[in-house]
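Participant: turn this into a model:
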Amino acid sequence: MSKRRSIILSVTVEGLTQAETARLYGVTRGWVSKLMAQYRAEGDAAFEAKSRRPLTSPNETPAETVDTILELRRTLTKQGLDAGPETIAWHLAEHHGIEVSPATIRRRLITAGLIQPEPRKRPKSSYIRFQADVPNEMWQTDMTHVRLVDDTDVEVLTWLDDHSRFVLNVTAHDVVNTSVVVRSFRETAGQHGYPASVLSDNGMYYTARFARGGRSGLNRFETLLTELGIDQKHSRPNHPTTCGKVERFQQTMKKWLRARPPAATLEDLQTLLDEFVGHYNQHRPHASHGRKTPATIYTRRPKAKPNKDATIDYRIRRDRVDNYGKVTLRYNSHLYKIGIGREHSGIAITMFIADRNIRIIATTTGELIRKLELDPTRTYQPTGKPRNPRT
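Facilitator: Numbering: from 1, shown residues only. As a prediction, this is how the structure comes out:
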């Protein structure tokens, strides 16, 4: 039995006075008097408290706006595009002239059963976030896999500007290797200029530093960046979040592709990729830039350029002369053999390399045993001594 009912029955049935009832239940005499007046006017309806909800809600979202919100959610989702509350708020303001907060949109989507409430996430402020200050200060690049309609695996290579999230180039290939990376990089730079730095993972098509224990020298892509004075950066092994911007883009791209029939050929896939890149750069608002498009941000500031002073590959390599009197060196993705002489077989050597200028020192004695400029046209760099010298 509710307290309101007990108070009213104490007066009407037990015959207690309003003052006695107030003392019995620990309430004010005025409230008891108010309950009795309500009982005389409404009868048994006074036993239950009335809702305090106002009869009208001037700030309630109009039904037409709610319908537009739900329709935008369904349309964007069907197209494989972002359909979160912030994106819907942007579309409402940009295309319908309606201002609704993302929090209100989220509540409406939950009420309609279109999204599920989630536990409170880690605050964004707790993440360490880096962003280049100007366009072309750093490009991010990565490769991902997409399947054609016949389940053929295709590799997709992406170049993305770190500052603006502007997608510079996305191309589909049967296989991505160092030659593809170099060619794609040159084509992208031909359209947008060379960057000051490039960030990638440790794929063999980006770097040879993990090949053969890290003693394989530079591949063609690394050599090209060195020649252009472009700083090359890599994510730590097993830390993909370092290249998070390009990987997040690839997730968005794949979601968009899944909303469409799979491509039948490599050319068909490239057509779809070009269509998505145009939409992503020119029409899709980005949350990290106040809902502005990547193209707007990329063209807003002057672009960074490579450091022309850093054009020489300086490195040191330690090795041992083989039984035939030779050592090996990788340069521009090619392996070269350098003649030292059989008389030095088995000794430990240290190679001081400045691009193609090489000095070879006997590690234990410090003796200079060979100095040369590498000839890229010859796989074997001879010693210059006669093969069979006569005594």
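Participant: switch to C-alpha atoms for all contacts and neighbour counts from now on
Facilitator: OK.
Participant: mind giving me the packing neighbours of the helix or strand hosting Glu187?
Facilitator: In the assignment (DSSP states H and E), Glu187 maps to helix 178-192. Contacts of helix 178-192 with other secondary structure elements, assessed using 3 or more CA pairs under 8 Å, 6 or more residues apart in numbering; DSSP states H and E, are made with strand 167-173, helix 220-228.
Participant: which strands or helices does the shortest one pack on?
Facilitator: With contacts defined as 3+ CA pairs under 8 Å, 6+ apart, the secondary structure elements packing on strand 167-173 are strand 153-161, helix 178-192, helix 266-282.
Participant: next, the angle from the first one to strand 167-173.
Facilitator: Right, the one you point to is strand 153-161. Using axes from the mean of the first three to the mean of the last three CA atoms, to 10 degrees, the inter-axis angle of strand 153-161 relative to strand 167-173 is 170 degrees.
Participant: ok, strand 153-161: who's next to it in the sheet?
Facilitator: Looking at strand 153-161 with DSSP bridges, its partner strands are strand 139-147 (antiparallel), strand 167-173 (antiparallel).
Participant: and it with helix 266-282, angle?
Facilitator: If you take the same axes, to 10 degrees, strand 153-161 sits at 20 degrees to helix 266-282.
Participant: would you agree Thr383 falls within a strand?
Facilitator: No - in this structure, Thr383 is coil, not part of a strand, as judged by DSSP: H, G, I helix; E, B strand; the rest coil.
Participant: from what I can see it touches Arg342, true?
Facilitator: No - counting by CA atoms under 8 Å, Thr383 does not reach Arg342; the two are 10.6 Å apart.
Participant: more neighbours: those two, which one.
Facilitator: Summary of the neighbour comparison: Thr383 and Arg342, criterion other CA atoms under 10 Å, with Thr383 having more neighbours (16 against 13).
Participant: give the contact list for that one.
Facilitator: Neighbour list for Thr383: Ile338, Gly339, Ile340, Gly341 [criterion: CA atoms under 8 Å, 6 or more residues apart in numbering].
Participant: reformat those as TSV; add pLDDT and neighbour count.
Facilitator: Supplementary listing: the contacts of Thr383 in TSV, determined by pLDDT from 0 to 100; neighbours: other CA atoms under 10 Å:
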residue	pLDDT	neighbour count
Ile338	94	20
Gly339	94	20
Ile340	93	22
Gly341	92	19
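Participant: Leu273 - how many residues pack around it?
Facilitator: Using other CA under 10 Å, Leu273 has 21 neighbouring residues.
Participant: actually Ile347, not the one I typed
Facilitator: Here the number of neighbours of Ile347 (other CA under 10 Å) works out to 15.
Participant: report pLDDT for it.
Facilitator: In this model, Ile347 is scored at 94, pLDDT.
Participant: show me what contacts it?
Facilitator: If you count contacts by CA under 8 Å, 6+ apart, Ile347 has them with Arg320, Val321, Ala362.
Participant: residue contacts, Gln79?
Facilitator: The contact partners of Gln79, taken as CA under 8 Å, 6+ apart, are Trp256, Ala259, Arg260.
Participant: neighbour-wise, which one of those leads?
Facilitator: For the contacts of Gln79, neighbours were counted using other CA under 10 Å, and Trp256 has the most, 20 neighbours in all.
Participant: any stretches of this structure with poor pLDDT?
Facilitator: Low-confidence segments of the chain, defined by pLDDT under 70: 1, 52-59, 118-129, 210-217, 236-242, 287-290, 308-314, 386-391.
Participant: show me it divided up by domain.
Facilitator: 3-47, 63-117, 139-298, 314-381 (automatic domain parsing).
Participant: quick one, which of those gets closest to Asn307.
Facilitator: When the domains of the chain are compared for distance to Asn307 using CA to CA, the nearest one is domain 139-298, at 5.0 Å.
Participant: next, count neighbours for Arg209.
Facilitator: In terms of burial, Arg209 registers 17 neighbours under the definition other CA under 10 Å.
Participant: same check, this time on Glu155
Facilitator: The burial metric for Glu155, expressed as a neighbour count using other CA under 10 Å, is 16.
Participant: excluding chain neighbours, what is closest to it?
Facilitator: Nearest residue to Glu155, sequence neighbours excluded (CA to CA, 6 or more residues apart in numbering): His145, at 4.7 Å.
Participant: check contacts around the one you found.
Facilitator: By CA under 8 Å, 6+ apart, the contact set of His145 is Asp153, Val154, Glu155, Val156.
Participant: and for Arg320?
Facilitator: Here Arg320 is in contact with Val327, Ser345, Gly346, Ile347, Ala348, Ile349 (criterion: CA under 8 Å, 6+ apart).
Participant: sort out for me which of those residues are in strands.
Facilitator: When strands are assigned by DSSP state E, the members of the contacts of Arg320 inside them are Val327, Ala348, Ile349.
Participant: my guess is the second one meets Gly325, correct?
Facilitator: Same thing as Ala348. No - under the contact definition of CA under 8 Å, Ala348 does not touch Gly325, with a separation of 11.7 Å.
Participant: now rank the contacts of His145 by neighbours and give me the top one.
Facilitator: For those, the largest number of neighbours (other CA under 10 Å) sits with Val156, at 21 neighbours.
Participant: okay, buried residues for stretch 254-273 please.
Facilitator: The neighbour-count check on stretch 254-273 (16 or more other CA atoms under 10 Å) flags Lys255, Trp256, Leu257, Pro262, Ala263, Leu266, Leu269, Gln270, Leu273 as buried.
Participant: how about the secondary structure of Arg317?
Facilitator: Using three-state DSSP, the three-state assignment for Arg317 comes out as strand.
Participant: for it, which non-adjacent residue is spatially closest?
Facilitator: Distances taken as CA to CA, 6+ apart put Met351 closest to Arg317, at 5.0 Å, once the chain neighbours are dropped.
Participant: measure the closest residue to Asn323 other than its chain neighbours to Glu367 for me?
Facilitator: Distances taken as CA to CA, 6+ apart put Ser345 closest to Asn323, at 5.1 Å, once the chain neighbours are dropped. In this view, Ser345 and Glu367 are 15 Å apart by CA to CA, to the nearest Å.
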